[in-house]
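In: Using only what follows, build the 3D model:
(2 chains)
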Amino acid sequence: MKLTKSSMLLLFTLLISSNSAFQSDELLADDEEFGLEGGRSPDIDLAVPSSPQIASRSYSSPQPTRKRSTDSESDSRVQFVLEHAFGDSSEFSAAGTFTARLKASAHGGQTLTKLRFSRNDLTATEKEKFKKVLETDDYYRIRLPSDVLNAPGRDYAISSLKARCLAKDGLDEHIHIHMEGVNILAVNYGSSGACQYPRQLKLPAKWSFSSHTVLKYSDLAPRTPIFSEDIGSNEIGDDEGIKPMVERSFWAKYWMYLVPLGLVVMNAVTQGMNMPEEQAGGQAGGQTQQAVGAVPRGQGAAVRRR
Amino acid sequence: MGSDGKKREGKTDQPSLEFSDPPPPFSLLIAMAMAIKLSLILLFFSSSLIPTFSLFEDQVGLMDWHQRYIGKVKHAVFHTQKAGWKRVVVSTEENVIASLDLRRGEIFWRHVLGANDVVDKIDIALGKYVITLSSEGSILRAWNLPDGQMVWESFLSGSMSSKALLTVPANLKVDLDSPIFVYSGACIHAISSIDGEYLWKKDFASEGSVDVHQLILPGGSDVVHAVGVTDSSQFDTYEIHVKNGGLLKHTSASFPGGIYGEILPISGDRFVVLDASRSVLVLITIENGQIHLEQTHISDLIHGSSGNTVILPSKLSGIFSLRTDNGIVFIKVTGEGKLNVMERVDKTVVISDALPHSEGEQAFALVQHGDGKIELSVRLVHDMSSNHLKETVKMDHERGFVHKIFINNYVRTDRSHGFRALIVMEDHSLLLLQQGEIVWTRDDGLASVIDVATSELPVEKIGVSVAKVEHSLFEWLKGHILKLKGTLMLATPDEVAAIQKIRLQSSEKSKMTRDHNGFRRLLILLTRAGKLYALHTGDGRIVWSTLLQSLRTTSQQCAGLKLHQWQVPHHHALDNNPSVLVVGRCGLSLSSPSALSIVDAYTGKELQNMGPVQHSTVQVISLPFRDSSEQQLHLLIDADKRAHLYPTTPEAANIFQRESENVYWYSVESEAGILRGYGVKKSHSSDTPPSEYCFETRNLWSVVFPSESEKIIATVTRKPNEVVHTQAKMIADEDVMYKYISKNMLFVATVSPKASGPIGSATPDESVLVVYLVDTVTGRILHRMTHLGSQGPVHAVLSENWVVYHYFNLRAHRYEMSVLEIYDQSRAENKDVLKLIVGKHNLTTPVSSYSRPEVTTKSQSYFFTHSVKAISVTSTAKGITSKHLLIGTIGDQVLALDKRFVDPRRSLNPTQAEKEEGLLPLTDALPIIPQSYVTHSFKVEGLRGIETVPAKLESTSLVFAYGVDLFYTRIAPSRTYDSLTEDFNYALLLLTILALVVAIFVTWVLSERKDLQDKWR
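Out: Numbers count the residues shown, from 1 in each chain, chains lettered A, B, ... in the order given. Predicted coordinates:
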């Protein structure tokens, strides 16, 4: 763990010191893609952990750095262009290039792996445009071809973001590309962190994009559990959700009679409670009285209460 | 244990004893009850623990109603001769066959055929069977006339699709059989009417591509005549022997002009048809096996007529009717084949078929529409000059024009002949006219409800006369004494009936004023006929109905599309009545102009009639903004993706301009497989929009589904007015999960194109169902999941943070239901109490779609026995009550399924804590409990939708299911924990208390007296 952290730090310093216009990241293995997406720790957000080879490679012309043994001759490289536009008025223009390897998947289709992204530098006019978009709180729009192999395919997958969401210290962008085979379904463009209305105007300190790209494929739905008959019937049997139609209970039907009855009983009880006290007072007063009337009554009451 | 259902999601829905609408004596109880309140609550609790979900038999009709309809009548056959019950058998556009009582218009029996089983023709055979031909002539059925039981059914296979014709000969006997002749699938079939047995079949596909228009059986002969057209340029007649289907004779004559429309028979050997230019009438005469064609220019017959001529399909022997731009003309065909114009009538006149009358005479009826009345006249074919019968009937304006008429004759008490007419109106209602009066009416437009809205009723006026109070008090007392008798089982059967009647017709529930519990509402229904109905929820009666003028103004076919709340006054415009917006479209294409109208919900008056407006309407968006008169702002999106703002007032434009930056919407292009999101363009665009209420839009995002692997089959959003009570969900081990609640969530289901057909058309390997949760502001795909080997149709419901959807699993050969719940992870750290106290939580930060969501989803699937027509979910006023799914089953019933059954956290062996939380053990199938059918014994035939509206009482939700039938009820998913039941006997309670008070008083007096006596002793 420590080793990776320190290597990341190293990488971080490397990136800073190289004073590059932008950073690029790469996803090597498929299983890393999802790990990256959930990751929020700052060091991951800044740069994707990867081999130093990639960090140090030149941005403009990405080249295959390794030859894997699994790479068969059927693998081939594809390139597609990310285009961007500033606000409504501007047309789409090239902003960067994705390169990836085509890999034949098990069920005959093809998938993309090893996606790399290299962003072009913002030109002076683009910076001007970007500033204007920031001022008017307008959209920064990007698009990708829907078919990677024969671009643009049927249509472009478009995504847009309020430019003010992007402008933090640098220009921090997250590109999630939803793939289906070699088709790009959708591209989700966003920045890190919250970005709620009303957005404050803030010019970025550094006119460089730090890009984070993720390729996303569809999850498989969990399969419906199939139980053997006896378990199923058992489960259903003591399932409390199955509500048998029960006649309204005694309480439900007659509570209105029972409540007053309870009232009377309570009344009687409280009266009965009061009576002995009175008698107790009387007892101390005179014995003759007691001998005359109270004794049978008190006894009677006691018997009754029992 | 039984109360677990209520303790969900960390809510404590402790029954706050809100005694709704307490009659005066009850306040007395409350005063008394103070001392025993605790025990009372306990008692109430214990009484509510017992599950009383289903109804008791005597509770049917107390809070529900069911109305049966048939739809717009297409054909009608009378059955009045030699029958005890006079009846009429009808087939309708909703594919219903029904037998109606001619005296009262009630349904004797009714069958709703499926949506794909369109009824082509009906007739009566042998005087006891109703014969129906349906599904483009491929299914022939016989139904027993008295009780509607199916007697036999035959499937007719043809070689190619063609018209469907049915001929039922009156008195034809072939070897003890009475055959029926059917032309369908380019074949003539002869079928025994007794048992549906196949007698013979004559295939016309081998005879060249002939299109048979008429199948005639001249009386007395044993030859079937089939008259048809080949390549619309040649007339063909075939004579076919009835016994074996042998072709006796085939004659043909070519007609290069081509034909328009249908060949209409005039008599046994004469036919008339229009040529392709619609300017020449062709009279076809068959004489001695030869076809003679005779052409007559219409302009020679009728002066100044133009091209839009149509031969009306009314079969009148010897004459026919022709509709031109100027009116309808009756033309007589003389014996020599000459055409004589008999009479000219107005264009709006509707003509019936001819009816054999006494002594070989034929009579027909025509209806003329007047101002607030209709004129029905019956004429004899031989004597067109005078009316045999003329009646004027007052007619409601709101029924529109007459569309169809069917007549029937009867013998009057004075032995003369009388006529009755069944007429179908513009609003699809059915009326029987006899002796100049409307005998009965049926509002069958209600069988084709398109959209539903609800409206509150007016607030009750204060100040009621003393007499009324006295009267109602007396009535009230009487009713309760009756009830008391019933409870003490002293009531006679008559009184029991009276009690039941009082319960059913309690004046309370059908009052035209707002009630405390919010049970009384107006259901506003838009029907396909363009009529708006308001139904009272108390008893289902029609309060008002309006035929929308905005949908009638043009010659084009306008149809209503959507119903939206326009004005719901509750703060500062209380003097105004609420109103609804009806959006319609004039024409068939999406880019046709739209018609708008605003209708007062209390009176049904059209306040504003904006139709047809210039732009089209593809989508209507209710914005969450209101102007000063409480009018809801609406955006209408046209086919060119422009947004039009309504109401068109400067104030509304101001409000919208202010908020336009945060207005987003999306469109689903199902054919192209693209979802697009839009926002409003900033006003400074190059091409200025045509008006200040029209806004340019811009595409903000798009999701492009690959056309070779995915096809959109279902999209579902949350109900805009849904209320969510709590964002947090308490789970078993004192943990909290935060629901991801977004109004902008869209559920999309796609299948592989191969699997978009019916079940069985694709193998499990080919069919893949993918479900998506999409944020409609940013186009972000929040979740995406693939079901392998599954296919549609998908029915889904989205509520709070969950979706439940229903589909077919090809691998398991069963229908499945899946639940998908989405939770917000970014708020998960708020569990720490300390943090909450210090204020280091993000619960108060506003939510933005542009923030990066951190969501997790949970999903689970279950088998479900039924296929489903619609799914909905109950909605309550505050969203506290637990929810029930309302599933419209294939049997046209509505099943209530507790949401707890579709909880992705169910596991096989729940822990004790989970059990306490109310989590059910996992089962592979969802149970169908017979008692939980909301519709109990009723069927909502042709079920299309289920609408739920919250009542003001939190426990209760109003449910309205519509299809061919209408059904309304109210349900309480967690039972009515916040009110006493309606049949609660206040009088009995009062009497008991009174008796007790008296008893206490008496015993007190007695004991005092005894005390005194004792003291004197």
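
In: Ramachandran coordinates for residue B:882?
Out: Recorded main-chain torsions at residue B:882 are phi -70, psi 160, according to degrees, to the nearest 10.

In: Surely it touches residue B:974?
Out: Yes. With contacts counted by CB atoms under 8 Å, residue B:882 reaches residue B:974, the gap being 5.3 Å. Glycine gets a C-beta too; all of them are placed from N, C-alpha and C.

In: what about the two, which has more around it?
Out: A direct count of neighbours by other CB atoms under 10 Å in any protein chain shown for residue B:882 and residue B:974 places residue B:974 higher, at 24 against 20.

In: and the more buried one, how far is that from residue B:60?
Out: 22 Å (CB to CB, to the nearest Å).

In: again, but for residue B:264
Out: On the measure of CB to CB, residue B:264 and residue B:60 end up 51 Å apart.

In: Who has more neighbours out of the two?
Out: Taking residue B:264 and residue B:60 together and counting by other CB under 10 Å, residue B:264 has the greater number of neighbours (20 against 15).

In: how close does that one sit to chain A?
Out: Distance, residue B:264 to chain A, using CB to the nearest CB, to the nearest Å: 50 Å.

In: Sticking with that residue, tell me its helix or strand.
Out: According to DSSP states H and E, residue B:264 maps onto strand B:259-267.

In: now for that strand, which elements pack on it?
Out: Here strand B:259-267 touches strand B:210-216, strand B:223-230, strand B:270-275, strand B:280-287, strand B:310-311, strand B:319-323, going by 3 or more CB pairs under 8 Å, 6 or more residues apart in numbering or on different chains; DSSP states H and E.

In: Same list (those) but as JSON lines, adding mean neighbour count, distance to chain A and mean pLDDT.
Out: Listed next are the helices and strands packed on strand B:259-267 as JSON lines, based on neighbours: other CB atoms under 10 Å in any protein chain shown; distance: least, CB to the nearest CB, whole Å; pLDDT from 0 to 100:
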{"stretch": "strand B:210-216", "mean neighbour count": "20", "distance to chain A": "41", "mean pLDDT": "82"}
{"stretch": "strand B:223-230", "mean neighbour count": "21", "distance to chain A": "44", "mean pLDDT": "83"}
{"stretch": "strand B:270-275", "mean neighbour count": "22", "distance to chain A": "46", "mean pLDDT": "84"}
{"stretch": "strand B:280-287", "mean neighbour count": "19", "distance to chain A": "50", "mean pLDDT": "82"}
{"stretch": "strand B:310-311", "mean neighbour count": "18", "distance to chain A": "44", "mean pLDDT": "83"}
{"stretch": "strand B:319-323", "mean neighbour count": "22", "distance to chain A": "48", "mean pLDDT": "84"}
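
In: Reformat the ones you listed as TSV; add distance to residue B:99.
Out: Listed next are the helices and strands packed on strand B:259-267 as TSV, based on distance: least, CB to CB, whole Å:
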stretch	distance to residue B:99
strand B:210-216	25
strand B:223-230	29
strand B:270-275	33
strand B:280-287	37
strand B:310-311	32
strand B:319-323	30
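
In: Spell out the secondary structure type for residue 132.
Out: Unless you meant another one, I'm taking chain A. Assigned state for residue A:132: helix (three-state reduction, DSSP: H, G, I helix; E, B strand; the rest coil).

In: for the one 10 residues further on, same thing?
Out: Taking three-state DSSP as the rule, one finds residue A:142 in the strand state.

In: quick one, what contacts it?
Out: A:82-85, A:95, A:158-160, A:175, A:187, A:189 (CB atoms under 8 Å, 6 or more residues apart in numbering or on different chains).

In: Tell me which two in these are the farthest apart.
Out: A:85 and A:175 (15.3 Å; CB to CB).

In: Residue A:179 bridge partners, please.
Out: Residue A:179 has these beta-bridge partners by DSSP bridges: residue A:184.

In: how about it, what does it touch?
Out: Residue A:179 sits in contact with A:111-112, A:185, A:215-217, where contact means CB under 8 Å, 6+ apart.

In: Next: residue B:308.
Out: Contacts of residue B:308 (CB under 8 Å, 6+ apart): B:278, B:324-325.

In: Shouldn't it be within a strand?
Out: No. Counting by three-state DSSP, residue B:308 is located in no strand; its state is coil.

In: residue boundaries of the helices in the chain?
Out: No chain was given, so I picked chain A. For chain A, the helices defined by DSSP state H cover A:2-18, A:30-38, A:42-46, A:52-56, A:124-135, A:163-166, A:229-237, A:250-285, A:287-289, A:295-305.

In: right idea, wrong chain: chain B
Out: Going by DSSP H, chain B shows helices at B:24-33, B:37-49, B:298-301, B:466-487, B:493-504, B:650-659, B:833-838, B:912-917, B:986-1016.

In: related to what we said a few turns ago, I'd like to know which of the contacts of residue A:142 are part of strands.
Out: A:82-85, A:95, A:158-160, A:175, A:187, A:189 (DSSP state E).

In: Out of the contacts of residue A:179, flag the one nearest to residue B:116.
Out: For the contacts of residue A:179, the nearest to residue B:116 is residue A:185 (33.2 Å; CB to CB).

In: need the contact list for the closest residue in space to that closest one that isn't next to it in sequence.
Out: Nearest non-adjacent residue to residue A:185, counting by CB to CB, 6 or more residues apart in numbering or on different chains: residue A:178, 4.3 Å away. The contact partners of residue A:178, by CB under 8 Å, 6+ apart, come to A:184-188, A:216-217, B:703, B:781, B:784.

In: Cool, thanks, signing off.
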